[in-house]
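1. Please work out how this folds:
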Amino acid sequence: QVQLVESGGGLVQAGDSLRLSCAASGRTFKYEPMGWFRQAPGKEREFVATISDSGGATYYADSVKGRFTISRDNAKNMVYLQMNNLKPEDTAVYYCAVGLGVEVDFYDYWGQGTQVTVSS
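-> I've put the predicted structure just below:
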């Protein structure tokens with residue numbers, strides 16, 4: 001059983017940066033592709049970024065490309081999401097998950113989420 005725990009969210013102003021962390025346990029994490037999703041109030045959960053098992057390949061939603069960076073440290077069983085130049089529309093609960101692709105249904109395990117709020 002995989003357990004994922006996100007941290008690093010908070011309240012920031014537009015233009016600020018945050019770094020989200022996701023701690024994974026319970027399985028051979030280094031062989032798992034991972035992703036970040038987000039869900040704003042009243043909206044569906046949406047894809048943000050994904051990273052391959054080795055970290056050698058990444059892919060981003062157009063809305064965050066150039067501002068967010070996904071990375072991982074397999075020795076520490078951690079996945080990160082560096083978020084720069086945050087905008088109010090980035091406000092959401094951010095989730096890390098085990099899986100591949102841009103669709104929610106392709107991900108098997110989810111964390112509990114961490115709230116990011118960006119004020120204008």
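
2. K76 sits in which helix or strand?
-> Using DSSP states H and E, K76 sits within no helix or strand.

3. ditto for the one 10 residues further on
-> According to DSSP H and E, L86 maps onto no helix or strand at all.

4. Check what pLDDT it gets.
-> Looking at L86, its pLDDT reads 98.

5. Phi first, then psi, for it.
-> Per-residue torsions, L86: phi -60, psi 150 (degrees, to the nearest 10).

6. ok, the closest residue to L86 other than its chain neighbours - contacts?
-> Leaving aside its sequence neighbours, L86 sits nearest to V118 (C-beta to C-beta, 6 or more residues apart in numbering; 4.6 Å). Quick note: C-beta positions are derived from backbone N, CA and C, even for glycine. Shown in contact with V118 (C-beta atoms under 8 Å, 6 or more residues apart in numbering): V12, Q13, A14, D16, L86, K87, P88, E89, D90, T91.

7. which parts of the least confident helix or strand in the chain by mean pLDDT are buried?
-> Between all helices and strands in the chain, the lowest mean by mean pLDDT, DSSP states H and E belongs to strand 107-110, at a mean of 93. Judged by neighbour count using 16 or more other C-beta atoms under 10 Å, the buried positions of strand 107-110 are Y107, Y109, W110.

8. which residues pair with the last one across the strands?
-> Read it as W110. Applying DSSP bridges to W110 yields these beta-bridge partners: A97.

9. if I read this right, it contacts Y94, doesn't it?
-> No: using C-beta atoms under 8 Å, W110 makes no contact with Y94, being 11.2 Å away.

10. Show me whatever sits in contact with both of the two.
-> Counting by C-beta under 8 Å, 6+ apart, W110 and Y94 have no contacts in common.
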